[in-house]
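Visitor: could you look at this predicted model? Sequence included:
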Amino acid sequence: MKKLILFAIILSLLIPTITMAGKKYNEEDILQGILQRLEGEFKEGDLNMGGIILDRLISKDEMEDISKKVINELGITGVEIDPYIDDVDITEEEGKYFIRQYTEEFESRHLIVYGYDINKNMIEFTIASYSSPDCTQEETTLFINLIKHKQNFSINGIIEKVTSIFKSYGKPLETTTCIIGTLEGKVSGKELKKDAAKSVMKYKGKIVEEYVDESIVSYTAYTPLIESSIFSGDKKVNLNLAVRYNEYEDKTYIWIGTPIITIGY
């Protein structure tokens, strides 16, 4: 009986620890959580996915077949138009039209599709196929960029769709996620550094690199709560935070990405 009581006491003491250790976060939770702790206002979310799908050069017809598959899988809506003929701004008619453009130069072919899905998320994807001059290396890549302007930056369903496309080619998918937020006015570097460190620490993170100049502040960190990571030199990183003041808008812009920020800032 004493052993049973002792076991019950030990278990009761461990429950809070087990709960905290087992708490799961997805990437969007962490990025949005950091933005909230910095008291930033959400502006947009940016998801980039892609990689090699074929180890050969493909024809225009095959590129168009792949583009139809991706358009269908991602749910891009509307009627295809020719931007050189049709005088339509598809950004003003979200979801009613999409554009598909093909270019070719020597043994390098590109097909770009630009449109919106049923939720009016902006989507752009590029299929590129090339052969080296000596024909010793050939490959075809697919890169997809999705921009969401809603606070609910839920991307799991989209990643699953794109993952299935890459699985059909037997290729791995590389993904980077970034959210952009703003703060009114200009934030001091000292205050920002303190707040950024606290925000990263909330998710068991540690700042491993820091870059500061007159116009921008950037922090690179690592947290075990995000599964994917890359190496910067000999340091493992998977969280990137950058801040720049826009004097024309009198706003401080915040970019938070994983494993790194891949869009311009």
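Guide: Yes, it's here. Residues are numbered from 1 along each chain as shown.

Visitor: element containing the closest residue to Ile123 other than its chain neighbours, please.
Guide: Distances taken as C-beta to C-beta, 6 or more residues apart in numbering put Leu146 closest to Ile123, at 5.1 Å, once the chain neighbours are dropped. In short, each C-beta sits where N, CA and C put it, glycine included. Using DSSP states H and E, Leu146 sits in strand 138-148.

Visitor: okay, and the residue nearest the centre of the chain sits in which element?
Guide: Nearest to the mean C-alpha position of the chain, by C-alpha atoms, centre = their mean, lies Thr177 at 1.9 Å. Secondary structure assignment for Thr177, by DSSP H and E: strand 174-184.

Visitor: other SSEs contacting that strand?
Guide: If contacts are counted by 3 or more C-beta pairs under 8 Å, 6 or more residues apart in numbering; DSSP states H and E, strand 174-184 sits against helix 27-37, strand 41-54, strand 251-258.

Visitor: following the chain onward from it, which element is next?
Guide: helix 189-202.

Visitor: mind listing what's buried in that next one?
Guide: Within helix 189-202, the residues scored as buried using 16 or more other C-beta atoms under 10 Å are 192-193, 196-197, 199-200.

Visitor: same check on stretch 242-253?
Guide: For stretch 242-253, by 16+ other C-beta under 10 Å, it's 242-243, 245, 251-253.

Visitor: in CSV: the residues you listed, plus pLDDT and distance to Lys69.
Guide: What follows is the buried residues of stretch 242-253, written out as CSV (pLDDT from 0 to 100; distance: C-beta to C-beta, whole Å):
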residue, pLDDT, distance to Lys69
Ala242, 91, 35
Val243, 89, 39
Tyr245, 89, 43
Lys251, 92, 40
Thr252, 91, 41
Tyr253, 92, 36
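
Visitor: select, from these, the two members most distant in space.
Guide: Farthest-apart pair in the buried residues of stretch 242-253 is Ala242 and Lys251; separation 14.4 Å (C-beta to C-beta).

Visitor: for the stretch 101-250 of the chain, what spans make up the helices?
Guide: Remark: helices assigned in the stretch 101-250 of the chain by DSSP state H, counting those that start in this stretch are 156-168, 189-202.

Visitor: reformat those helices as TSV; add distance to Val208 and mean pLDDT.
Guide: Output for the helices of the stretch 101-250 of the chain, formatted as TSV (distance: least, C-beta to C-beta, whole Å; pLDDT from 0 to 100):
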stretch	distance to Val208	mean pLDDT
helix 156-168	26	87
helix 189-202	10	79
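
Visitor: out of these, nearest to Tyr84?
Guide: Between these, helix 156-168 lies closest to Tyr84; by C-beta to C-beta that is 28.7 Å.

Visitor: which one of the buried residues of helix 189-202 is nearest Ile118?
Guide: Closest to Ile118, out of all of the buried residues of helix 189-202 and judged by C-beta to C-beta, is Ser199, at 33.8 Å.

Visitor: quick one: contacts for the closest one?
Guide: Each residue near Ser199 by C-beta atoms under 8 Å, 6 or more residues apart in numbering is listed here: 33-34, 37-38, 241.
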